[in-house]
Every structure is written in C-alpha cells, then in structure tokens.
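>>> below are the sequence and a predicted model for it; my questions follow.
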Amino acid sequence: MTTADMNEDKLPFMTHLEELRKRLIIVFIAIGIGFGVSYSYAEEILLILKRPFPGQLMALAPTEAFITILKVSFFTGVLLAMPVILHQIWKFVAPGLYEHEKKHTVLFVIIATFLFFTGAVFCYFAILPLGLKFLQRFAPEAIETNAFRLSDYVAFVTKLLLGFGAVFELPLVMIFLTKIGVVTPESLAANRKYAILIMFIVGAVLTPPDVFTQLMMAGPLYALYEISIIASKITSRPRAEDESTEESTDDSEHQGAGTEE
C-alpha cells in the first residue's frame with residue numbers, strides 16, 4: 001500500500017472524527033444552556049423527584065446539598081437538551097440513509113423525543129413508586145427506611161429515569177438498523193432468546209442492584225423488542241423497493257450510456 005492510499009484511508013476517518021467533534025460541541029452547548037435554566041428551578045425540580053418517596057431526604061455532608069443541586073440541574077439540562085441531542089445523533093448517522101430518508105429529520109426528532117419522555121414518565125409514575133415500596137418492604141425492621149440520603153436518592157432516581165428513557169428508543173434504533181441493512185426482521189426473531197439475555201444484562205447495568213427493578217426494566221424491554229420486530233418488518237419492505245428502484249435506475253443509466261456510445 002502506497003503513502004497516498006494510506007492518506008486516502010485516513011481521510012474518511014478524520015472526517016468522521018471532525019463531524020463527531022462538531023456534533024458533541026453542539027450537544028455540550030445545549031446541555032450547558034439547559035443547565036443554566038434548570039439551576040434557577042433546581043429546588044422545585046428536586047421536590048418533583050422526591051414526590052414518589054413519602055419519607056425524608058437527609059444531607060449528611062456539608063457540600064452534599066449543593067453538589068446534589070448541581071447534579072439535579074445537569075440532569076434536567078440533559079432532558080431539556082434532549083431534542084438537540086437526538087437531532088445531532090440523527091445528523092451524524094444520516095449519511096448511511098437514502099436521500100429521501102435524510103429528509104425525515106423533524107419526524108425522527110419528534111418520535112425519538114416522544115419515546116424518551118414516554119419511558120421517563122412511565123418510570124416516574126409506575127416503576128419508581130413500586131420499586132421504592134418493594135425495597136422498603138424487604139428491609140429489616142431494625143433499619144429505618146423512611147429516610148434516605150439525599151445524594152443516593154437523587155442518583156437512584158435520575159439513573160432510572162435516564163435508563164428507561166434510553167431503552168424506550170429501542171424500536172427507533174431497530175428501524176434505523178433495518179434501514180441501513182444491519183438487521184432484518186428474521187434475524188431479530190431468530191435471536192429473540194439472546195435478546196432476552198441481553199435485556200436482563202442491560203437491566204442489571206442501568207438499574208440498582210436488586211431483582212425487582214431489573215425485572216421491571218426487562219419486562220418493558222421485551223415488549224419493545226417485539227414492537228421492534230413489527231416495525232422492522234414494516235421498514236424492510238420500503239427499503240427493498242428502494243433498492244430495486246435504485247438498481248433499475250442504474251441499469252437504465254448504463255443502457256443509456258451504451259446507446260450513446
């Protein structure tokens with residue numbers, strides 16, 4: 001391989017890195033703006049996060065309350081910046097799609113944002129109250145369960161909310177992977193048992209170390225996986241038509257070129 005060939009191979013890689021850097025800068029700016037807005041309402045946001053827990057939250061270190069306020073502001077800043085984050089993700093991966101598919105930016109951002117907040121709301125109203133009651137019920141009588149450490153509780157809640165918001169994007173991710181030809185409806189159905197195992201692993205990583213919350217995440221994940229198979233089937237049909245149309249167009253162009261010659 002010549003030096004020129006090596007430079008040509010490096011060029012696309014450097015271009016991708018530059019594109020990634022550009023997208024990350026925009027994301028960080030959006031989160032920073034969201035953080036600034038959220039900091040003014042951090043106390044109200046903290047009260048909202050506490051609502052599923054009827055007990056008390058205690059700050060046990062001099063800086064714990066302040067640091068927790070910063071974490072809450074950052075978490076809310078990420079939520080406020082979510083449409084921008086999802087838009088930048090789309091712009092980064094869009095080159096792998098057809099030209100007419102790249103025009104669906106607004107639709108993608110709307111659906112992806114809706115799915116993320118649906119997952120977060122589902123977690124807040126359904127998972128958090130049940131999970132907290134479950135954890136309190138199995139605590140020994142000698143341990144006080146009506147008071148949690150402030151920083152631990154906020155970390156517990158924000159991790160669950162972000163985790164559920166992320167996993168609810170699964171159907172959209174599978175649609176994209178189908179679009180670019182990475183997966184097919186048949187492969188998704190055939191690998192269902194492996195997917196279930198991965199779901200429990202994801203549940204263990206994204207949730208606190210207890211079986212209940214892991215199951216509560218794995219259950220919706222499985223339902224989303226089945227929805228993803230259906231969405232993949234619907235998506236694969238137009239792609240097959242696009243590929244056949246593109247091949248026909250290429251054949252016509254070659255035939256036209258041959259006629260001109």
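Here it is on my side, so go on.

>>> just to be sure, residue 12 is in a helix?
Yes - counting by DSSP: H, G, I helix; E, B strand; the rest coil, residue 12 is found in a helix.

>>> tally of neighbours for it?
As a burial measure, residue 12 scores 9 neighbours (other CB atoms under 10 Å). The way it works is simple: take the backbone N, C-alpha and C, and place the C-beta from them, glycine included.

>>> mind checking pLDDT for it?
On pLDDT, residue 12 comes in at 73.

>>> list the residues that contact it.
For residue 12, no contacting residues are found, by CB atoms under 8 Å, 6 or more residues apart in numbering.

>>> that one and residue 95, how far apart?
According to CB to CB, to the nearest Å, residue 12 and residue 95 sit 11 Å apart.

>>> just residue 121 next, same as before
In terms of CB to CB, residue 121 sits 33 Å off from residue 95.

>>> secondary structure element for the residue nearest the centre of the chain, which one?
Compute the mean C-alpha point of the chain, and by CA atoms, centre = their mean the closest residue is residue 166, 3.1 Å away. Residue 166 is located in helix 150-167, with elements delineated by DSSP states H and E.

>>> other residues contacting the following helix or strand past that helix?
Note on helix 150-167: by DSSP H and E, the next helix or strand toward the C-terminus is helix 170-179. Helix 170-179 has contacts (CB under 8 Å, 6+ apart) with 93, 96-97, 101, 108, 111-112, 115, 183-185, 188, 221, 224-225, 227-229, 231-232, 235-236, 239.

>>> filter those down to just the ones in helices.
Residues from those lying in helices, with DSSP state H as the criterion: 93, 101, 108, 111-112, 115, 185, 188, 221, 224-225, 227-229, 231-232, 235-236, 239.

>>> buried residues in stretch 106-122?
108, 109, 111, 112, 113, 115, 116, 119, 120, 122 (16 or more other CB atoms under 10 Å).

>>> separation between the first one and residue 35?
As judged by CB to CB, residue 108 and residue 35 stand 25 Å apart.

>>> kindly report the same for the last one.
Residue 122 sits 25 Å away from residue 35 when distances are taken as CB to CB.

>>> low pLDDT regions in the stretch 51-200 of the chain?
96-102, 138-145 (pLDDT under 70).

>>> related to what we said a few turns ago, are any of the ones in helices among the contacts of helix 170-179 buried, and which?
101, 108, 111-112, 115, 185, 188, 221, 224-225, 228-229, 231-232, 235-236, 239.

>>> helices along the stretch 1-150 of the chain, start to end?
3-39, 42-50, 64-80, 82-93, 99-102, 105-122, 128-137, 150-167 (DSSP state H, counting those that start in this stretch).
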